[in-house]
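Visitor: give me a model of this one.
(chains A and B)
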Amino acid sequence: MWRDTVLVAGKDLRIEARSRVGLSQVVPFGVVALVLFAFALGPERAPMAKGAPGLFWVAVLFCTVLAVQRSVAVESVDGARDGLRLSGLDPAGLFLGKAAAVAAQLVVLEVVLGAGAVLLYGARIEVPWLIVTSGLLGAIGLAATGTLYGALSAGLRVRETLLPFLLLPIAAPVLLAGTRIWQAAMAGGVPSDGTQWLRLLVVFDAVYVALGVVVFGPLHESA
Amino acid sequence: MSAHQGRSSPPESSRARWTVRVVGITAAVATAATVWLALWVTPPDVTQGDLVRLVYLHPGVAWVALYLAFGLAAGASLLYLWPRTRSLFWDRLAAAAVEVGVVFNVCTLVSGSIWGKPTWGVWWAWDARLTSTAVLLVLFLGYLALRRVPAEPEVRARRSAFLALFAAVDVPIVHFSVLWWRTLHQGATVLNPDLTPTIHGSMAWTLLLGFVALTLVFVWMLLVRYRIGVLEDRLGTGELDMALRQRQAEGAPDDEDEAA
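Guide: Residues are numbered from 1 along each chain as shown, chains lettered A, B, ... in the order given. So this is what the prediction gives:
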């Protein structure tokens, strides 16, 4: 299973490295979103710094939809999905590989958007490890749910419009937890509020990764 | 009157039809009794006045929307996914539960809103229960949107059941996250941990009857919707048969055309 995970993740990341769709389209879109949020909240820095945690995570969520669409799209041409089905790869490995590739892209995106939130919004981060941990856990959770929903909507002609509607409400706990952790990290002091939310993220990740490992086989077969 | 039309007579036995009718009549009677008790018999509240009468409606619809419809949809979807119990029955049941659940969910939000404006001073507050209810509504709507995508009944059933499973495991997480996020709603009145109702007399009985009446209304709507689901699927395959027959007729020998 782990070998298949590395193979699939390597394949997806290699496609991304060569096509640069993520770097040239998804990351810039995230930056555009950050700039638009700044326009919406006005030139004063105080409301922007206050809203920075939420705006950061909303931007990450929107970019997740794009990254997942892309992850599904690379399998939808040239009968690639049938090829994967016939390849004899372990479905659990397939799921973990696809999710790991999305998660890796999301981490890169979070670094860029996080820097953007600090530079553009003037967010002051007092407890950096909270930000790093929440970013990693959030990326795993979003990638796992995104990969599941991507597989679910893979064969649909209305995928582009249906996927955001289905995926974004599911990801609401990630947004809530991520925002609260960022707020705790910016407030400094005792990060106990933050660690409670970190536990929620861990549960979210565990549930969806486990679910994906179990159901991805039948899901992928039927899509 | 072609053979095709004759075939699409209601699919269920006369006993099933009889059950639907009995449930419907009982639900109507129970609802009427609740309305009568709620509006004329029970006294107005000391602090909330006539506004308290919403309490006979709101928790009942919320119970149906948040627990009954959701639980039924999740359970039926799981039973569909389980290979040994796989049957389109569970799929149609889940679909009917979600669709009727949406109606009750909207009623919950609307009745809560009507109560919230005079009590809290706002139509909407970002309270934990309100937010969970709204998220559940969006998840339900997503399920229905996926079902609207044209597909074979088996493919659609499988897809929908997976979606229901993914959404169902999210609901407790959403619940806890918004609970920590904020809470303003008053605690449960009847189903509190001690199971000792904090209201008394005619009000408690009316409240209880409201729960029963709304549950019966839900069951009746569920049965009717299930039947429509069976007929819809039958119509789908029936239309295909008819189209095939028409195409075959087009290819028939010329002398038949002239005779027609």
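
Visitor: least confident secondary structure element in chain B?
Guide: Ranked by mean pLDDT, DSSP states H and E, the weakest helix or strand in chain B is helix B:3-7, scoring a mean of 42.

Visitor: can you pull out the low-pLDDT segments for chain A?
Guide: When the per-residue scores of chain A are filtered using pLDDT under 70, the ranges that remain are A:189-192, A:223.

Visitor: from A:L36, how far off is the residue of chain A most remote from its centre?
Guide: The C-alpha centroid of chain A is most remote from A:E44, which lies 29.5 Å away (Cα atoms, centre = their mean). The span separating A:E44 from A:L36 equals 16 Å under the rule Cβ to Cβ, to the nearest Å. Glycine gets a C-beta too; all of them are placed from N, C-alpha and C.

Visitor: what of A:S19?
Guide: Using Cβ to Cβ, we find A:S19 at a distance of 26 Å from A:L36.

Visitor: with B:L214 instead?
Guide: When distances are taken as Cβ to Cβ, B:L214 and A:L36 turn out to be 44 Å apart.

Visitor: tell me which of these two has more neighbours.
Guide: Between B:L214 and A:L36, B:L214 has the larger neighbour count (other Cβ atoms under 10 Å in any protein chain shown), namely 26 against 12.

Visitor: now do the more buried one against B:V23, distance only.
Guide: For B:L214, the distance to B:V23 equals 13 Å [Cβ to Cβ].

Visitor: again with B:L223
Guide: 6 Å.

Visitor: quick one, which of these two is more surrounded?
Guide: B:L223 (21 against 18).

Visitor: ok, that one - contacts?
Guide: Applying Cβ atoms under 8 Å, 6 or more residues apart in numbering or on different chains, one finds that B:L223 lies in contact with B:T19, B:V20, B:V23.

Visitor: show me the contacts for the first one.
Guide: Shown in contact with B:T19 (Cβ under 8 Å, 6+ apart): B:L223.

Visitor: try the last one
Guide: With Cβ under 8 Å, 6+ apart as the criterion, the residues that contact B:V23 are B:L216, B:V219, B:W220, B:L223.

Visitor: need the max-distance pair from those.
Guide: For these, the maximum inter-member distance is 10.7 Å, found between B:L216 and B:L223 (Cβ to Cβ).

Visitor: look up how far A:G54 lies from the residue nearest to A:P47 when sequence neighbours are not counted.
Guide: Distances taken as Cβ to Cβ, 6 or more residues apart in numbering or on different chains place A:L41 nearest to A:P47, at 4.9 Å, with adjacent residues excluded. From A:L41 across to A:G54, the span is 11 Å (Cβ to Cβ).

Visitor: also A:A33?
Guide: Remark: distance between A:A33 and A:G54 (Cβ to Cβ) = 12 Å.

Visitor: show me which of those two is the more surrounded one.
Guide: Relative neighbour count places A:A33 above the other of A:A33 and A:G54, with 20 against 17, counting by other Cβ under 10 Å.

Visitor: for the chain, just list every one of the helices.
Guide: Since no chain was named, I'll use chain A. Along chain A, counting by DSSP state H, helices occupy A:2-19, A:21, A:27-41, A:45-76, A:80-86, A:91-121, A:128-152, A:159-170, A:172-187, A:192-222.

Visitor: you answered for a different chain; I wanted chain B.
Guide: Using DSSP H, the helices found in chain B span residues B:3-7, B:14-36, B:58-63, B:70-81, B:88-120, B:128-148, B:153-181, B:201-250, B:254-259.

Visitor: same list, the ones you listed, but as a markdown table with distance to A:Q69 please.
Guide: Below are the helices of chain B laid out as a markdown table (distance: least, Cβ to Cβ, whole Å):
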| stretch | distance to A:Q69 |
| --- | --- |
| helix B:3-7 | 43 |
| helix B:14-36 | 44 |
| helix B:58-63 | 36 |
| helix B:70-81 | 25 |
| helix B:88-120 | 26 |
| helix B:128-148 | 16 |
| helix B:153-181 | 17 |
| helix B:201-250 | 30 |
| helix B:254-259 | 51 |
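
Visitor: which of the ones you listed has the lowest mean pLDDT?
Guide: Of all the helices of chain B, the minimum mean pLDDT falls on helix B:3-7 (a mean of 42).

Visitor: and A:G217, how many neighbours does it have?
Guide: Counted with other Cβ under 10 Å, the neighbours of A:G217 add up to 14.

Visitor: just give the closest residue to residue 146, not the sequence neighbours.
Guide: Since no chain was named, I'll use chain A. Spatially, and ignoring its direct neighbours in sequence, A:G146 is nearest to A:V68 (3.7 Å; Cβ to Cβ, 6+ apart).

Visitor: was after chain B, sorry
Guide: Of all residues beyond its chain neighbours, the one nearest B:L146 is B:L163 (5.4 Å), with distances taken as Cβ to Cβ, 6+ apart.

Visitor: now for that neighbour: which residues touch it?
Guide: For B:L163, the set of contacting residues under the criterion of Cβ under 8 Å, 6+ apart consists of A:L152, A:L166, B:G142, B:Y143, B:L146.

Visitor: name the member of those with the most neighbours.
Guide: Ranked by neighbours (other Cβ under 10 Å), the contacts of B:L163 are led by A:L152, which has 27 neighbours.

Visitor: from A:R159, how far out is that one?
Guide: Relative to A:R159, A:L152 is positioned 10 Å away (criterion: Cβ to Cβ).

Visitor: and A:G54, by the same measure?
Guide: Distance from A:G54 to A:R159, counting by Cβ to Cβ: 28 Å.

Visitor: can you check A:R14 too?
Guide: Per Cβ to Cβ, A:R14 is found 24 Å from A:R159.

Visitor: out of these two, which sits in the busier spot?
Guide: Using other Cβ under 10 Å as the criterion, A:R14 and A:R159 rank with A:R159 on top: 21 against 11.

Visitor: wait, that one sits on A:S71?
Guide: No - look at A:R159 against A:S71 with Cβ atoms under 8 Å: they stay out of range, at 11.8 Å.

Visitor: shared neighbours, the two?
Guide: With contacts defined as Cβ under 8 Å, 6+ apart, no residue is adjacent to both A:R159 and A:S71.

Visitor: which ones are touching the residue nearest to B:T31 when sequence neighbours are not counted?
Guide: The shortest distance from B:T31 to any non-neighbouring residue, by Cβ to Cβ, 6+ apart, is to B:A213 (4.6 Å). Going by Cβ under 8 Å, 6+ apart, B:A213 touches B:A27, B:A30, B:T31, B:A33, B:T34, B:G60.
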